[in-house]
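Participant: Please find the sequence and the predicted model below.
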Amino acid sequence: MVVVAGALCDGGRLLAARRSAPAELAGRWELPGGKLEPGESPEEALVRELREELGVETETVERIPGEWPLKPGYVLRVWTARLLSGAPEPLEDHDELRWLARHELDSVDWLDQDRPAVAEAALRLTAAPPAP
Ligand SMILES: Nc1nc2c([nH]c(=O)n2[C@H]2C[C@H](O)[C@@H](COP(=O)(O)OP(=O)(O)OP(=O)(O)O)O2)c(=O)[nH]1
């Protein structure tokens with residue numbers, strides 16, 4: 001079972017989201033996303049999840065190579081993504097969001113399983129201007 005997550009980048013910063021549930025993950029930070037639904041491509045699933053969870057329109061940019069084991073039967077795959085419109089809000093699954101510059105990425109308590117992907121995403125953070 002694939003969980004897709006987005007390394008949403010804007011203005012050289014990466015969006016981190018603090019989980020509000022379930023209890024064993026609450027308070028830890030992750031890349032927002034979720035499970036694939038039947039018939040969806042990973043990219044479609046990610047755009048849908050980011051719309052549902054954050055209220056924004058996005059497009060995926062590139063897959064970060066690799067996959068990381070989660071709970072038994074689940075793996076995490078990560079795409080970088082770009083904000084097209086809206087400002088992310090913690091509508092579902094999260095209770096706080098933070099835009100982090102590369103030097104700030106260690107300031108939140110990432111889920112252990114997300115750390116390698118976050119490190120890879122950091123390498124791809126560019127000083128691109130923020131979306132309008
Ligand atoms: N979204 C997301 N989930 C992660 C990450 N790291 C990690 O271990 N997980 C786990 C938490 C959940 O057990 C599972 C993803 O579930 P989810 O609750 O985000 O997915 P979903 O929106 O499709 O949820 P659901 O309500 O349909 O079950 O993967 C991550 O970086 N992003």
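Facilitator: Right, received. Where do you want to start?

Participant: for this protein, which spans come out with low pLDDT?
Facilitator: 126-132 (pLDDT under 70).

Participant: Get me the contact residues on it for the ligand.
Facilitator: The interface of the chain toward the ligand, taken as C-beta under 6 Å from any ligand atom, is made up of 3, 5, 25, 30-35, 49, 70-71, 74, 76, 93, 111, 113-114. Placement of C-beta: from N, CA and C, glycine included.

Participant: 5 Å - rerun?
Facilitator: When proximity is defined as C-beta under 5 Å from any ligand atom, the chain approaches the ligand at 3, 5, 30-31, 33-35, 70, 111, 113-114.

Participant: Skip the chain neighbours and tell me the closest residue to residue 27.
Facilitator: Spatial nearest neighbour of residue 27, excluding adjacent residues (C-beta to C-beta, 6 or more residues apart in numbering): residue 18 at 6.6 Å.

Participant: Would you double-check that residue 16 falls in a strand?
Facilitator: Yes - membership of residue 16 in a strand is supported by DSSP: H, G, I helix; E, B strand; the rest coil.

Participant: neighbours of it, just the number please.
Facilitator: Applying other C-beta atoms under 10 Å, we find 25 other residues in the vicinity of residue 16.

Participant: hang on, the earlier thing: okay, the residue nearest to residue 27 and the ligand: tell me how far apart.
Facilitator: 11 Å (C-beta to the nearest ligand atom, to the nearest Å).

Participant: Could you export the residues of the chain next to the ligand as JSON lines, including distance to residue 59?
Facilitator: Conversion of the residues of the chain next to the ligand to JSON lines gives the following (distance: C-beta to C-beta, whole Å):
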{"residue": "3", "distance to residue 59": "19"}
{"residue": "5", "distance to residue 59": "15"}
{"residue": "30", "distance to residue 59": "20"}
{"residue": "31", "distance to residue 59": "16"}
{"residue": "33", "distance to residue 59": "14"}
{"residue": "34", "distance to residue 59": "17"}
{"residue": "35", "distance to residue 59": "20"}
{"residue": "70", "distance to residue 59": "25"}
{"residue": "111", "distance to residue 59": "25"}
{"residue": "113", "distance to residue 59": "25"}
{"residue": "114", "distance to residue 59": "21"}
